[in-house]
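J.: predicted model and sequence below, questions to follow.
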Amino acid sequence: MTDTINGLTVPEHIAIILDGNGRWAAKHNVPRAQGHKAGCETLEGIVEDCTRLGVRYLTVYAFSTENWKRSAEEVAALMQLFRFYVIKLVDIAMKNDIRVKMIGDISRFDSDIQKGILKVVDKTKDNEGMTFTFAVNYGGRDEIRRCIKKMSEEGMDMSLLTEQDISDHLDTSGIPDPDLLIRTSGELRVSNFMLWQIAYSEMYITDTLWPDFHREELEKAIIAYNKRNRRFGGR
Ligand code: IPE
Ligand code: IPE
Ligand code: MG
């Protein structure tokens, strides 16, 4: 199901690699943690903009399996932000009829953060508006590894394996593949995000730093998406 704005097709599923919080902080001469805080505020705005535009699925990459390599100070600042954000997300989601999902391995987080995540997912599970998926301690390779492990534990006959079986055992099971993949801050790479799911996603990369990515930037991405000719390997 797709909606339209000014005659434009709104992608059913938008996925975002939000990048550039650190560079935004450096540009404004503030600590990196400030950049992450600003990024969090931008995210709140984009979540609401996407619901208003009629996006059905929004997936956001907020913390990778590789981000633990950062300084203890930065990781602690990010954890503190998650701690508050998952609580705030309950209100944002209930107000906007959003169903929240989490992908990634949350078992490495402090137990109060894990509880907060489970709570927002459970409280919003019957909401019928946009599905907002938050990717934390997420890595595409780790997700595929866990998916294979799950299938093996279920005793599946691997000689009969289909692509659909894999899709059904990934964290994103039930969520369609992204139509549009946005990366902010100009890096030309996917950094281990949704390796299976982005096979045919349209990519939009902007130099805008994530904390500066607001509704106008989102609309630019949707306009660019509308100019693409999606062939899926066909003619
Ligand atoms: C994105 O911003 C947020 C996370 C990866 C947690 P960065 O922190 O990667 O910002 P840059 O790339 O250093 O500018
Ligand atoms: C990708 O950003 C991960 C997230 C946005 C969560 P990074 O800043 O970690 O990626 P690299 O290091 O530039 O590839
Ligand atoms: Mg980065």
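T.: Noted; the coordinates are in hand. Fair warning: this is a prediction, and the values are worked out from it, not measured in the lab. Numbering: from 1, shown residues only. Ligands and ions are numbered 1, 2, ... in the order given.
J.: C-alpha only now, for contacts and for neighbours.
T.: OK.
J.: near the closest residue to Lys123 other than its chain neighbours, how many residues? Count them for me, please.
T.: Closest residue to Lys123 apart from its sequence neighbours, by C-alpha to C-alpha, 6 or more residues apart in numbering: Val90 at 7.5 Å. Neighbourhood size, Val90 [other C-alpha atoms under 10 Å]: 21.
J.: show me what the strand or helix carrying Val90 is packed up against.
T.: Element membership for Val90, per DSSP states H and E: helix 72-95. For helix 72-95, the elements it packs on are helix 32-53, helix 111-123, judged by 3 or more C-alpha pairs under 8 Å, 6 or more residues apart in numbering; DSSP states H and E.
J.: got the contact list for stretch 68-83?
T.: In this structure, residues lying in contact with stretch 68-83 by C-alpha atoms under 8 Å, 6 or more residues apart in numbering are 32-33, 36-37, 40, 67, 112-113, 116.
J.: if we check ligand 2, which of the residues you listed are in contact?
T.: Asn67 (C-alpha under 6 Å from any ligand atom).
J.: switch the contacts of stretch 68-83 over to TSV; also include neighbour count, pLDDT and distance to Arg146.
T.: Listed next are the contacts of stretch 68-83 as TSV, based on neighbours: other C-alpha atoms under 10 Å; pLDDT from 0 to 100; distance: C-alpha to C-alpha, whole Å:
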residue	neighbour count	pLDDT	distance to Arg146
Arg32	20	98	32
Ala33	20	98	31
His36	24	98	29
Lys37	17	98	31
Cys40	19	98	28
Asn67	15	98	19
Asp112	10	97	23
Ile113	21	97	21
Gly116	20	97	23
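J.: thinking again about what came up before, and the angle from the helix holding Val90 to helix 32-53?
T.: Orientation check (axes from the mean of the first three to the mean of the last three C-alpha atoms, to 10 degrees): helix 72-95 against helix 32-53 gives 20 degrees.
J.: so which bits of helix 72-95 are buried?
T.: Under the neighbour-count criterion of 16 or more other C-alpha atoms under 10 Å, helix 72-95 has 74-75, 77-79, 82-83, 85-86, 89-90, 92-94 buried.
J.: so what strands line up beside whichever helix or strand comes after that helix?
T.: Using DSSP H and E, the helix or strand that directly follows helix 72-95 along the chain is strand 99-103. The strands beside strand 99-103 in its sheet (DSSP bridges) come out as strand 131-138 (parallel).
J.: contact partners of the partner strand?
T.: For strand 131-138, contacts defined as C-alpha under 8 Å, 6+ apart pick out 47, 56-65, 67, 98-106, 108, 193.
J.: just the buried residues of the residues you listed.
T.: Taking 16+ other C-alpha under 10 Å as the criterion, what is buried in the contacts of strand 131-138 is 47, 56-65, 98-106, 193.
J.: filter those by proximity to ligand 1?
T.: On the criterion C-alpha under 6 Å from any ligand atom, 62-63 are the entries of the buried ones among the contacts of strand 131-138 that sit beside ligand 1.
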